[in-house]
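Asks: Quick one: sequence plus predicted model below, questions after.
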Amino acid sequence: YKKKYFFTAALRMDGSSRFGRNNRFGLFPSLSAAWRISEENFFPKNDIISELKPRISWGISGNDEIGNYSSLSLMSSAKYNFNGNLVAGMRPNTSPNANLSWEKNNTVNVGLDVGLFRNALNLNFEYYVSKTSDMLLEVPVPAYSGYSTSLQNVGSVRNKGFEFAASFKNHIKDFNYQISANFSTNKNTVLSLGANQNEIITARNITKVGHPIGALYGYRIIGIFENEEQLKSLPNYRDSQKVGDYIFKNIDDSDNTITEKDREIIGNPHPEFTYGGNIQLFYKNFDLGVFFNGSAKRKIMINSGIAPFLSGGGDGEEAETLARNLMQWIADDHWSVDNPNPNAAYPRLGLTKADVTNNVQPSTFWLRNGNFLRFKTLEIGYRLPYCRIYLSGDNLAVFSPFKLWDPELAWNAYPLSRTFNLGVQFTF
């Protein structure tokens, strides 16, 4: 209204056959409002603040990304004994849930848009709180049900944080440029889980009320056993560790040994900060575009492989292979009788996998810094009458202390390919 007052309302109903027959439809409303104060008569007209617009929005959205037929009891092949013979048959493989429904995301955004110097510089500030409820989670169920887990709508999680974006555009004779950047924070907290459930634990992760979803979970290393006296005086993992093994922090004081109860949250797999930037340069018929993005304050837990702790000693083909694969930096900086360094980067090495089982438990040893900066895109173009010739490159470089795989992807994800394109765009 009068280019000063803005209001939007929407109401939509979505249905998905992925959910149970009792709850296939969801109702999702949204509201938003904004006030362009800079257009009011009382606002002083000047060349510094050209736009000032606070805004607020609220809405509910739904998520049905669970795969097809997830609410049904699917069958799988199985073999069973019939009159003393092993025969093929079928058995229920997934637990049915006729009440399975939409996961709902309730979000409130409060923002402020500021334009400065005749909108040459634009600033956007935003604070958001998003609560996801009726999460679609696999919940452990009693064994007598015939299943190990059941897909249910349980629990809630909250995400909140700030977002900031800035853009600037200007020109100097034939040279024009546009620069934009963004920065955001996010804090993820689990608010609730299933009935009478405070945590869900997997091999290397824990989802616990009051903490980030899927937090990294393991033992905290506080040193290396230097001698037999220390080994006997301190709790060790299942009373089976040896001199040269890692010392795990004892969290549970009810016993004098290290067990699963002594694991703790050791890292956050979600970045606390994300950022990005875009640069556009124009000079006569030439143009250049650069885009980059990254994240910070995130931990990656690499898979607890066995190879780093095997010396390759002993006899046989396997030992010879391990000896060839032993990295030089591991050979140079591990604990040994000849190098009884409690601050060595690696513990003692073993001859067999069974000999080093204690040291490969999920722990702070496997944590890595997941920060990265990606040089995402570079494009150079030249304009001719009715066409533009361009050369572009995508996924050109990643700068990160993490070197094992792409820090933006999961360890088993297909890596992003580096691509180059030469093309022509025609306009008529």
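Replies: Perfect, I can see it now.
Asks: Could you use CA atoms for every contact and neighbour count after this?
Replies: Will do.
Asks: Would you mark the buried spots in stretch 229-243?
Replies: Across stretch 229-243, burial judged by 16 or more other CA atoms under 10 Å covers 231, 235-237, 241-243.
Asks: Let's see which of these end up in strands.
Replies: Among these, no member falls in strands (DSSP state E).
Asks: residue farthest from the centroid of this structure?
Replies: residue 83 (51.6 Å; CA atoms, centre = their mean).
Asks: Output the buried residues of stretch 229-243 as CSV; include the columns pLDDT and distance to residue 22.
Replies: As requested, these are exported to CSV (pLDDT from 0 to 100; distance: CA to CA, whole Å):
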residue, pLDDT, distance to residue 22
231, 89, 59
235, 88, 53
236, 85, 52
237, 84, 49
241, 86, 54
242, 89, 58
243, 91, 60
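Asks: wait, which of these is closest to residue 35?
Replies: residue 237 (62.1 Å; CA to CA).
Asks: What's opposite that closest one in the beta bridge?
Replies: The partner list for residue 237 in beta bridges (DSSP bridges) reads residue 258.
Asks: For it, give its distance to residue 246.
Replies: 9 Å (CA to CA, to the nearest Å).
Asks: Also residue 293?
Replies: 37 Å.
Asks: Could you check which of those two is surrounded by more residues?
Replies: More crowded of residue 293 and residue 246, by other CA atoms under 10 Å: residue 246, with 27 against 19.
Asks: you'd agree the more buried one is up against residue 347?
Replies: Yes: using CA atoms under 8 Å, residue 246 is in contact with residue 347, at 6.3 Å.
Asks: Overlap of the contact sets of these two?
Replies: 224, 359 (CA atoms under 8 Å, 6 or more residues apart in numbering).
Asks: which among the buried residues of stretch 229-243 gets closest to residue 287?
Replies: Nearest member of the buried residues of stretch 229-243 to residue 287, counting by CA to CA, is residue 237, at 61.7 Å.
Asks: and that closest one, what does it touch?
Replies: 248, 257-259, 358.
Asks: With residue 51 instead?
Replies: 36-38, 113-116, 119.
Asks: list the residues that contact both of residue 237 and residue 246?
Replies: Joint contacts of residue 237 and residue 246 (CA under 8 Å, 6+ apart) do not exist.
Asks: in the protein, which ranges drop under the pLDDT threshold?
Replies: In the predicted model of the chain, residues 304-308, 310-326 satisfy pLDDT under 70.
Asks: Could you point out the longest strand of it?
Replies: Assigned via DSSP E, the chain shows its longest strand as strand 156-172.
Asks: Just the buried positions in it, please.
Replies: 156-169.
Asks: which helices and strands does it pack with?
Replies: If you count contacts as 3 or more CA pairs under 8 Å, 6 or more residues apart in numbering; DSSP states H and E, strand 156-172 packs onto strand 121-133, strand 175-185, strand 187-192.
Asks: tell me the angle of the next helix or strand after the longest one relative to strand 156-172?
Replies: Where DSSP states H and E defines the elements, the next helix or strand beyond strand 121-133 is strand 136-140. Note on geometry: by axes from the mean of the first three to the mean of the last three CA atoms, to 10 degrees, strand 136-140 and strand 156-172 are set 150 degrees apart in direction.
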